[in-house]
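Peer 1: sequence plus the predicted model coming up.
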Amino acid sequence: MVLVLYANMYSFVFLQLLTLYVLSCSVPGFLAGNDNSKDYCIIGAGPGGLQMGYFLERAKRDYVIFERANTSGAFFIRYPRHRKLISINKRHTGKTNKEFNLRHDWNSLLSDDESLQMRHYSKEFFPPADDYVRYLRDYAKNLELNIQYNTNIGNIQRVAKETDGNVTHHFTMDDQSGNGYTCRYLIICTGISTPNDPDFLGSEHTDSYDDMSLDTDDYEGQSVLILGRGNSAFETADHIVGSTNLIHMISRSRLRLAWETHYVGDLRAINNGLLDTYMLKSLDGQLEGDVADMMIIKRSDGKLVLGVPFDRDALSELRRDLENGNISSVNISERFNVDEMTVDTLDFGLPDNFALRDPYDRIIRCLGFKFDFDIFNSKSCNVTAGQGRKKKFPAIKANYESLKVPGLFFAGTNTHSLDFRKSAGGFIHGFRYTARALHNILEWRNHKVPWPSVRQPITELLNHIIKRINEASGTYQMFGVLGDVIILANDDTEYIYLEEYPLKMLHAIPGITGYSANRILVVSLEYGYDFSGPGKDVFRRNRAIGEPSEAHLSNFLHPVIYFYKELPSIEAMRLISKHPGAVLPEPIKVHHMVEDFLTDFSAPVSHVLVLRRFLESCIEQDLRNFFDNQCFWMALTHSSPPESCKTFFLKGQRLPPYFELQGSLTREQYFGEEETIKREMEAQRHREADPIDELKPDVRNVGFGFEEHSEL
């Protein structure tokens, strides 16, 4: 009897354990080993979510990434529809410096795994989207990121909790199975993935970029109208142009070419084939017009007619009648006699030469994407949209935090409202760096880990800046948005170098980084004022500057160094928006380094010399390096020798003769016995001719502000 009882008990325990195991494997909401609570929750396992996950993983933080699909990078399984990315994959640069090469690799995410570079996955300059899906899967797997797939998060709420009189907040959310999750900090990385389908009369008769046929035979001999003129619209046009009678494209704003605006989200050359057929009069065409002011009506023969009534009130009345069910598309067709549209255009009140008077076989909507706000519970988590053209993005602060929901952060394409049409924050080669900036912000805010920095003697400042401006990728890609901040410390004898800091948060350096700051230098990369924009002649003959004295007129990307004796105020930062083209508030001093055709800012005179003199004017010190005999002479003749002499020579260090730098070689081994004797004899004759010449400095190389010596 007892044996039977024990057997039943063991059977019961075994069944309970088996049930728990099955739940942990099959129920998306069951996080094995914890209570569904994390410090950090990341929503979305696309490039932005994976990049944030990498930084949290390396920092050993408590996090989870929720992904509604069964794989990472699910967006790229479907988009772009025609399967060719427009982010460049430049596999060769002639250099082996990884940081420099990332300037021209627009697809790879940041990691410490050298194999996780896009050049190992595709040899094509514009890689296939399928190769990128494979890359993202390997990134997630090889770096062992904590991702929970098949979990569609929604109903996100911000909840208050009181403990011992202290009120704290956290976030709760549910998945598609009703399982709940809790986290202290929430990072949204869902991208801009919801098709933008504006409401207009007759939209039901159109196809969308999202579901259009990719079989070119379906467009054989057809006349097609494409709504929109972004890259998705032109990508679609290039795909079907060989099959159609004609393609017309219409958009509310003028065409924006990426080479004119220097904004990679505008029309790229790889997609603009239809501009040739338009300008060379091969039936295709481009027009401006607002879809909201139009209506599309289907004729009895299946043809589609585009109407633009002059009477806006009549159009609004039609819209209301249609929405209320008082009228149908058929009634509209009868009212406007659309079967005779090509003959009697006066039914629309349009002239007989109206550009879009002929009917179309297909109308395709290619109107871009927007952020999905439906994942939030609007009552407790009111995430608002940006204003104007930024309304497709969530409204956020310069520290990537929601404008109205504290503790809710964004990473990836979601953050593009901060630099829309200005920099690359909406694209992988840009937001991989803003994600790192966000991680650094969270590390200090939540864990008191200061911003990564380097502290060096002031004598190293010139070389440090030259190195950064010639190889750094973050400031190169996020020009005018992320910059290097140099905090002058210890009476300007030392500096603290902070890389890739959000320039819009310049006033808040202590609260963001953990470092006190007053006197600072800021290194930013910028295009020339008024050089970029739709319609600008960026190929004009005098488009580039070569004279260092005219560096402030440089048009192409070039370094700009700002000097502040104190941090700008919040008010000064806010006023920037009122000055188009301004990156930072007015500094005490500013220095433009002249643009360079090779983007190599290391020319001894044109770049290094003038930069050094600017830095010397800011800190009022000589930043040159001197040999020990020169330091000895200046120690005897100057009340304050140059800083390099103080740092090295006067502390017992010196710059040894060149042959000693080669290791343990003797003078004879290095020069050879015969050459050594010759050099000794020549030196002796020199000493006899002028016994004190060894101690005489070249006046051009002493003090501050004299003519330049050959030593830079």
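Peer 2: Nice, I can see it. Residues are numbered from 1 along each chain as shown.

Peer 1: would you list every one of the helices in the stretch 251-400 of the chain?
Peer 2: Ranges of helices in the stretch 251-400 of the chain, per DSSP state H, counting those that start in this stretch, are 258-261, 273-279, 312-323, 329-335.

Peer 1: mean pLDDT lowest for which of those?
Peer 2: Mean pLDDT across the helices of the stretch 251-400 of the chain is lowest at helix 329-335; the value there is a mean of 53.

Peer 1: quick one: end-to-end distance for stretch 517-529.
Peer 2: 29 Å (CA to CA, to the nearest Å).

Peer 1: tell me how far the spatially most central residue of the chain lies from residue 153.
Peer 2: By CA atoms, centre = their mean, the chain has its centre lying nearest to residue 430, at 1.9 Å. Separation of residue 430 from residue 153 (CB to CB, to the nearest Å): 25 Å. No exception for glycine: its C-beta is placed from N, CA and C like everyone else's.

Peer 1: same question, residue 295
Peer 2: 38 Å.

Peer 1: assumed residue 611 was part of a strand.
Peer 2: No: Residue 611: not assigned to a strand; according to DSSP: H, G, I helix; E, B strand; the rest coil it is helix.

Peer 1: run a quick neighbour tally on it.
Peer 2: When neighbours are defined as other CB atoms under 10 Å, residue 611 has 22 of them.

Peer 1: for it, which non-adjacent residue is closest in space?
Peer 2: residue 593 (6.2 Å; CB to CB, 6 or more residues apart in numbering).

Peer 1: how about that neighbour, what does it touch?
Peer 2: Applying CB atoms under 8 Å, 6 or more residues apart in numbering to residue 593 gives the contacts 469, 551, 554, 558, 559, 560, 561, 601, 607, 610, 611.

Peer 1: again, but for residue 643
Peer 2: Neighbours of residue 643 in contact, by CB under 8 Å, 6+ apart: 457, 458, 459, 493, 621, 622, 623.

Peer 1: work out for me the element the last one sits within.
Peer 2: So the one you mean is residue 623. Assigned by DSSP states H and E, residue 623 falls within no helix or strand.

Peer 1: would you confirm that it contacts residue 460?
Peer 2: No: taking contacts as CB atoms under 8 Å, residue 623 lies outside contact range of residue 460: 9.3 Å.

Peer 1: those two: who's more crowded?
Peer 2: residue 623 (20 against 17).

Peer 1: who are the contact partners of that one?
Peer 2: By CB under 8 Å, 6+ apart, residue 623 lies in contact with 458, 459, 461, 462, 612, 615, 616, 642, 643, 644.

Peer 1: let's see 7 Å
Peer 2: 459, 461, 462, 612, 615, 616, 643 (CB atoms under 7 Å, 6 or more residues apart in numbering).

Peer 1: bridging residues for residue 521?
Peer 2: Assessed by DSSP bridges, residue 521 has beta-bridge partners residue 486, residue 563.

Peer 1: please tell me how far it sits from residue 576.
Peer 2: Residue 521 is 18 Å from residue 576, by CB to CB.

Peer 1: these two - which one has more neighbours?
Peer 2: Between residue 521 and residue 576, residue 521 has the larger neighbour count (other CB under 10 Å), namely 25 against 18.

Peer 1: can you give me the helices in the stretch 451-600 of the chain?
Peer 2: Counting by DSSP H, counting those that start in this stretch, one finds helices in the stretch 451-600 of the chain at the ranges 461-471, 474-477, 509-513, 570-574.

Peer 1: most tightly packed of those helices?
Peer 2: Neighbour counts (mean count of other CB atoms under 10 Å) averaged over each of the helices of the stretch 451-600 of the chain peak at helix 474-477, with a mean of 25.

Peer 1: only C-alpha atoms, please: export that helix in PDB.
Peer 2: The C-alpha coordinates for helix 474-477 follow below in PDB (Å, rounded to 0.1, in the frame of the first residue of the first chain):
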ATOM      1  CA  GLY A 474      30.200  57.300 -36.300                       C
ATOM      2  CA  THR A 475      30.800  61.000 -36.700                       C
ATOM      3  CA  TYR A 476      31.300  60.500 -40.500                       C
ATOM      4  CA  GLN A 477      27.900  58.800 -41.000                       C
END
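
Peer 1: need the residues that contact that helix.
Peer 2: Looking at what lies outside helix 474-477 - CB under 7 Å, 6+ apart - the contacts are 103, 424, 429, 430, 433, 482, 483, 484, 499, 500, 525.

Peer 1: wait, the third one sits on residue 103?
Peer 2: Okay, so that is residue 429. No: the pair residue 429 / residue 103 is not scored as a contact, 8.5 Å apart, by CB atoms under 7 Å.

Peer 1: which residues touch residue 161?
Peer 2: Here residue 161 is in contact with 168, 170 (CB under 7 Å, 6+ apart).

Peer 1: in stretch 78-89, what's buried?
Peer 2: Residues 79, 80, 81, 83, 84, 85, 86, 87, 88, 89 are the ones in stretch 78-89 that count as buried (16 or more other CB atoms under 10 Å).
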